[in-house]
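Participant: attaching a predicted model along with its sequence, questions to come.
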Amino acid sequence: MLRREKEAVIAEVAELLESTDTVFVSDYRGLTVAQLSELRGALRQSGARFKIVKNTLGTLAAERAGRETLKDLLAGPTAVTFCGDDPVAAAKAIADYARTHPQLEVRGGLMAGALLDAGQLRALASLPPRDTLVAQVVGTLAAPMTGLVTVLQGTIGGFVRALNQVAEQKAAAGEA
């Protein structure tokens, strides 16, 4: 690889590292080109990008992007997954693929500047999708308000019934 080609790869990986909040690093040793293409397709559906990176170029790109903590994961055959908006979907895609292809070994990753190990990535993959989590949070926030509305409706309804009974009693007393 020529020097300018290496520089282009370093610039591309550094740009991806700067623009991506979550990155997963894997060892792809033992996977065929067809299997890697299948994995790329699965990750693309989750909004992630899968790239094989030479360790020396990856180290230089990590330094350039200010992600030095990532350098510890760059050893041996290295594939980097640059996650999109939903890192859980990308983690699920990798975990599902690793279940059927044990050659894919997840080393760890970087999320919001914190280094993740393989166990933490498996835990991330077990979370529900982003939309489900957002719906759960909204439901949790809405529950007290719904309860308050129900209580207020009951109180107002009781007050209206009491007034109605008083009116009926006065009407009955006026007729007698």
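Facilitator: That came through, no problem. This one's a predicted model, so the numbers in the text were calculated from it and none came from an experiment.

Participant: show me the shaky parts of the protein.
Facilitator: Along the chain, the model assigns pLDDT under 70 to residues 147-149, 152, 175-176.

Participant: domains of this protein?
Facilitator: Listed domain ranges for the chain are 3-127, 128-176 (source: automatic domain parsing).

Participant: just put these in CSV and tack on mean neighbour count.
Facilitator: C-beta: built from backbone N, CA, C; applies to glycine. Output for the domains of the chain, formatted as CSV (neighbours: other CB atoms under 10 Å):
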stretch, mean neighbour count
domain 3-127, 17
domain 128-176, 10
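
Participant: give the helix, strand or coil label for Gln120.
Facilitator: helix (DSSP: H, G, I helix; E, B strand; the rest coil).

Participant: now do it against Ala114, distance only.
Facilitator: Distance, Gln120 to Ala114, using CB to CB, to the nearest Å: 9 Å.

Participant: scan this structure for its longest helix.
Facilitator: helix 130-175 (DSSP state H).

Participant: so which elements touch that one?
Facilitator: helix 87-100 (3 or more CB pairs under 8 Å, 6 or more residues apart in numbering; DSSP states H and E).

Participant: give the partner strands of the helix or strand just after the helix it packs on in its sheet and their orientations.
Facilitator: Per DSSP states H and E, helix 87-100 leads on to strand 105-111 as the next helix or strand towards the C-terminus. Here strand 105-111 is paired, per DSSP bridges, with strand 22-27 (antiparallel), strand 114-117 (antiparallel).

Participant: and the contacts of the last one?
Facilitator: Put plainly, it is strand 114-117. Here strand 114-117 makes contact (CB atoms under 8 Å, 6 or more residues apart in numbering) with Phe24, Thr69, Leu70, Asp72, Leu73, Gly108, Gly109, Leu110, Leu124.
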